[in-house]
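[1] here's my sequence, what's the structure:
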Amino acid sequence: MSAAQTAMRLLITGPDLTDPGGVAGFYRSVLPQLKNMLGADFIRYVEIGSTARKHHGHRMPDPIRVKAAARTFGPTHALVNPSLNFASVARDGLISRALTQRGIVTTLFFHGWDLGFEKQVERFGRLPFRACFGGAAHSLVLARQFARSIRAWLPGMPVSLVTTTVDVSLEQALHTEPPMASEEGPVDLLFMSRLVDRKGLIPTLQAMERLKARNLRVRLFVAGDGPLLESAKQLVASFGLEETVVFLGYVSGEEKLKLMSGCQVFVFPSTYGEGMPGVVLEAMYAGCALVTTPVGGIADFFRSPDMGVLLESDTPEHIADQIESLVSDRSHLEHVIAGNAAYAMENFTAGVVASRLVDHLRDPDNNALAGV
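    Sure thing, here's the model as predicted:
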């Protein structure tokens, strides 16, 4: 390992790696790659948050624990992973201040993005936000629309656009050939998400009712759990869609792999405050065409019609029209499926994402967005 490679001693703060959330999943995949690139002795991952406290019995407040880790590890660089909500900004703002006051070059990686809290910061909280994070050297965001806010709140700070990654277990286990839709059989659609408002489940089911009336040969598999499950099942029964809509509940592991790799279209008409939905990247990697809204970072990489359909609205009629358009041309659908699998492999695997992350940490000015 060269002297240039060993110059960085990187401290990362993040959730317990057993946590089911997206940030923990990101580091489960990327952390081994970072250790390979920088050397295991030059990486220190400090687990913070409620899961870490329960799992490890931590009693010390997170900011104090991070300060203690910084004293013993002696990092040159730090990567702090806030989400844009009150609790995270309050905690991670204290952590960022503690690290920057020690002269540690600190990068902020904003994952979750609460649009309601964004409005509160814009109206009332620019100065407190700057007090929390103004000492950091660099910010990473998952969407250009988020970069505009960070630049307004933290003037002069370089801001870079990054992505999340495909879950490492999916990367290792999935087949190399994406599924193709036969001319004779139905096209299998997949909706996979927490079943909550604004994720797009209800308009997807309403779109399926319209597709049934048009005699389009499609099936929908719904994977996930949440407060909308029972009302969604009742809606399906009222539409008479029991034979074409299948509820699977929460899926993981081998079951998730088989499900993703067996479907041809991933339907995600979310209007939720998304960052970069990992499930969308995983669906592409598994070989699914996309029918999705331009939420969060999706709008920054999506190419229509090469990757599927970027919805202009989340109305059931529009969703139904776009699904019908996509699946009616089986030749184009196969082209999209193969292209999405290749694109995800080139851009969203853990090794690729980790390498780009290191580049951003080493040279934030050169890798920053020139305009948003």
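
[2] in three-state terms, label residue 106 for me.
    Per DSSP: H, G, I helix; E, B strand; the rest coil, the local secondary structure of residue 106 is strand.

[3] how near is it to residue 215?
    As defined by C-beta to C-beta, to the nearest Å, residue 106 lies at a distance of 58 Å from residue 215. Every C-beta, even on glycine, is put in place using the N, C-alpha and C of the backbone.

[4] quick one, which of these two is more surrounded?
    With neighbours defined as other C-beta atoms under 10 Å, residue 106 and residue 215 compare such that residue 106 has more, 26 against 6.

[5] touching, the more buried one and residue 132? I think so.
    No. Taking contacts as C-beta atoms under 8 Å, residue 106 lies outside contact range of residue 132: 11.6 Å.

[6] now do the shared contacts for the two.
    Common neighbours of residue 106 and residue 132, using C-beta atoms under 8 Å, 6 or more residues apart in numbering, are residue 96.

[7] show me where the stretch 51-200 of the chain has its strands.
    77-80, 105-109, 138-141, 159-161, 187-192 (DSSP state E, counting those that start in this stretch).

[8] make a markdown table out of those strands and add distance to residue 87 and mean pLDDT.
    Below are the strands of the stretch 51-200 of the chain laid out as a markdown table (distance: least, C-beta to C-beta, whole Å; pLDDT from 0 to 100):
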| stretch | distance to residue 87 | mean pLDDT |
| --- | --- | --- |
| strand 77-80 | 14 | 98 |
| strand 105-109 | 16 | 98 |
| strand 138-141 | 19 | 96 |
| strand 159-161 | 23 | 96 |
| strand 187-192 | 27 | 97 |
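
[9] of all those strands, which lies closest to residue 22?
    Of all the strands of the stretch 51-200 of the chain, it is strand 105-109 that lies closest to residue 22, at 12.0 Å by C-beta to C-beta.

[10] what residues does the closest one touch?
    Everything outside strand 105-109 that qualifies as a contact, by C-beta under 8 Å, 6+ apart, is 76-82, 92, 96, 99-100, 133, 135-140, 162, 360-361, 364.

[11] now list the buried members of those residues.
    77-82, 92, 96, 99-100, 133, 135-140, 162, 360-361, 364 (16 or more other C-beta atoms under 10 Å).

[12] surely residue 332 and residue 306 touch.
    No. Contact criterion C-beta under 8 Å: residue 332 and residue 306 do not qualify, at 9.5 Å.
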